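J.: Quick one, structure for this:
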Amino acid sequence: MSSDVKQQEKEPNILEQQENKEEEDEDDYEEEEGWDDWEGDEGEPQSELLCLFCDSKFGSCDLLFVHCDSVHHFDFHGLRKSPGLDFYASFKLINYIRSQVAERRCWSCGLTCMSNQDLQNHLHDVINFNDIKTLWDDARYLKPFVQDDPLLYSFDEHEEGEDEQITAIHDDLMRDLKNSVDAFSDNQNAVKEVVANNDLYDAPIKEGPASISDDHLSFASSSDKEHIDSKDSRGFVSSIDKDSERHLMAHSQNHIAKHIKKANESYFGSYSSFGIHREMLSDKVRMDAYGQAILKNPSLLNGAVVMDVGCGTGILSLFAAQAGASRVIAVEASSKMAAVASQVAKDNVLWLSKSQSGHNGLQKGVIEVVHSMVEEIDKNVELQPHSVDVLLSEWMGYCLLYESMLGSVLYARDRWLKPGGAILPDTATIFVAGFGKGGTSLPFWQNVCDFDMSCIGKELVKEAAQIPIVDVVDYQDLVTGSEVLKTFDLATMKPNEVDFTATATLEPKSSASEHRKIHLDSKSCYCWCYGVVLWFDTGFTNRFCQQTPAVLSTSPYTPRTHWSQTILTFREPIAMGFVKENEVDRTKIGTDICPAMKVDLRVSIVRSTEHRCIDISLEAVGVDSGGRKCSFPAQLFSLQ
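T.: This next block holds a predicted model:
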């Protein structure tokens, strides 16, 4: 065969190779440009499904979930069947995982990693699914984290019996949607009530039925909100425009409104018990701090217009009237306690009665009790915005933020307080410290009438690692120094700052010798830390109380209060101390052989999906004398 013929045969091959290369380049370009563009040329959804944890794509859900199980320790079908996750719970789980991965955070333990690769290396099997399934049980995860995410609409298409279930759910959804729209059309004030009760009053309310801003459904921190409102580094978009997604939001809002109404009725009803008020009035620390701040700062209260948010029996209003206030608006949402506060004011000749006047036509009393939530008092009393000189409230709950009443106080501040007006108290600080064995029930059970019942104590400690405990901790049982976890400035803080994440470092107390154990070879000295305890101080600072500042402290170092302290118990105690010679570098940090020199904490406190409750997450990292670190499993606590 001649060389010319060979050349002619080669040329078509070269041309074909060139054409193929150009087609491959074009395909690569299209894939690169459209990695988050789920629409094809014909407007039809593409079949590629994005992995929940990495950039891998698959042509079917089966392949995707096999990949997630084998590579990322995530058995989607197993998790659905074991706890019995329905369609909506699974829908929210997918959106929750995508939101956590976007923040380089482990979806199961909450650990935040430095890079995406670190997260891939960290992913692990779920230890106890029931402990974490409440994490994504939030209405905001009904909103797709990735716009037009095809996985959300195909993850259950091959499961038996799901078609009928989805049809039934869809019918229920549309029925609830219609009822919700009708209800909101008849009375748009219901929308405002939901917003106010959620402590998210500052977000705009749109006109028309079922058009509540996305902000009103979010109990997340500000960092979570940034992900909801904008694109992240991977191009995920969470804005919603489609009818089906609006239906989900309307459906959720309808249930949230019912839940909040029921929770409020239960909450305010609980304060109808006189036993609770007797306990608060008998709390000497509480009464002394408020009494000092109000009665010993005459320049602040004399002639002032005062608002008392959540007045209860009206004791703070009585103090304000005694201090010379010209008008006291006592706001109380419990109908029974509003009536009681009115009667108490009458019995002490301090009630403002418009039908009776004293000498020269002046009113004898100055206290007017308003039965209302503070967000709605303008419906019940004549009061101009920004006309209050001093805002009073005893709003603090267990762990400071339980009961979520702070949002109402901030609403009153922004709506009624004059610019530069005083708010009492004006600061609040949460502290944290580690506690030892004496802070648990173990010592009691170790010797009951000379019998060893420590097995009961161990079981109780194990249970305590799942729920927060409100109890008194003796300062002698603290094995670390105390650290400031979070400080709030009530005069300037924003409502969304109620949710926060903070860090602190705990180091063993030098005076905790009674908790320490010395090895016979004198190579190490350590104590056991069984968990952390939280408490708070509120300050009536000289910013407003210039003559006599005051502090209300719930610290273990001060006389006990009815708030006690909030105890968060570790799953396993951590040994803290020092080792003179660390011969076993591979020994787990936090053991008696290799105690931690310090423990780094990361604590998040956020408003729960359960109205007026809070969720607390606790992460601990032990650091030994050589600088090695060991992360302990994250823990979740719900205070309700």
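J.: Have a look at this protein and report its longest strand.
T.: Looking only at the chain and at elements set by DSSP state E, the strand with the highest residue count is strand 524-540.
J.: Show me what the mean pLDDT comes to for that one.
T.: Here the mean pLDDT over strand 524-540 is 93, rounded to a whole number.
J.: who are the neighbours of it, in terms of helices and strands?
T.: Strand 524-540 sits against helix 284-295, strand 427-435, strand 516-518, strand 550-553, strand 565-579, with contacts defined as 3 or more CB pairs under 8 Å, 6 or more residues apart in numbering; DSSP states H and E. For glycine as for every other residue, the C-beta is placed from the backbone atoms N, C-alpha and C.
J.: how about that strand as PDB, C-alpha atoms only?
T.: What follows is strand 524-540, C-alpha atoms only, in PDB (Å, rounded to 0.1, in the frame of the first residue of the first chain):
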ATOM      1  CA  SER A 524       0.600  12.700  87.600                       C
ATOM      2  CA  CYS A 525      -1.900  14.700  89.500                       C
ATOM      3  CA  TYR A 526      -5.500  14.900  88.200                       C
ATOM      4  CA  CYS A 527      -9.100  15.400  89.100                       C
ATOM      5  CA  TRP A 528     -12.300  14.000  87.400                       C
ATOM      6  CA  CYS A 529     -14.500  16.600  85.700                       C
ATOM      7  CA  TYR A 530     -18.000  15.100  85.300                       C
ATOM      8  CA  GLY A 531     -19.600  18.000  83.300                       C
ATOM      9  CA  VAL A 532     -20.100  21.700  83.300                       C
ATOM     10  CA  VAL A 533     -22.500  24.000  85.200                       C
ATOM     11  CA  LEU A 534     -24.000  27.200  83.900                       C
ATOM     12  CA  TRP A 535     -25.200  30.200  85.900                       C
ATOM     13  CA  PHE A 536     -25.900  33.800  85.300                       C
ATOM     14  CA  ASP A 537     -25.500  37.300  86.800                       C
ATOM     15  CA  THR A 538     -27.700  40.300  85.900                       C
ATOM     16  CA  GLY A 539     -26.400  43.800  86.500                       C
ATOM     17  CA  PHE A 540     -28.000  47.100  87.400                       C
END
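J.: Could you list the paired strands of that strand along with their orientation?
T.: Looking at strand 524-540 with DSSP bridges, its paired strands and their directions are strand 427-435 (antiparallel), strand 516-518 (antiparallel), strand 550-553 (antiparallel), strand 565-579 (antiparallel).
J.: isn't residue 351 right up against residue 345?
T.: Yes. Proximity of residue 351 to residue 345 meets the contact threshold set by CB atoms under 8 Å, at 3.7 Å.
J.: Show me which of these two is the more surrounded one.
T.: residue 345 (26 against 23; other CB atoms under 10 Å).
J.: now the angle from the longest strand of the chain to helix 284-295?
T.: Using axes from the mean of the first three to the mean of the last three CA atoms, to 10 degrees, one finds that strand 524-540 and helix 284-295 are set 40 degrees apart in direction.
J.: hang on, the earlier thing: now the helices and strands packed on strand 524-540 in TSV, please, with extra columns for mean neighbour count.
T.: Conversion of those to TSV gives the following (neighbours: other CB atoms under 10 Å):
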stretch	mean neighbour count
helix 284-295	20
strand 427-435	23
strand 516-518	15
strand 550-553	20
strand 565-579	22
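J.: Any chance of the ones you listed in TSV with distance to residue 151 and mean pLDDT as columns?
T.: Written out in TSV, the entries for the helices and strands packed on strand 524-540 read as follows (distance: least, CB to CB, whole Å; pLDDT from 0 to 100):
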stretch	distance to residue 151	mean pLDDT
helix 284-295	53	97
strand 427-435	40	97
strand 516-518	53	49
strand 550-553	51	97
strand 565-579	33	91
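J.: Among the ones you listed, which comes closest to residue 482?
T.: Counting by CB to CB, residue 482 lies closest to strand 427-435 out of those; the figure is 4.1 Å.
J.: following the closest one, which helix or strand shows up next?
T.: Past strand 427-435, heading to the C-terminal end, the next element that is a helix or strand (DSSP states H and E) is helix 442-446.
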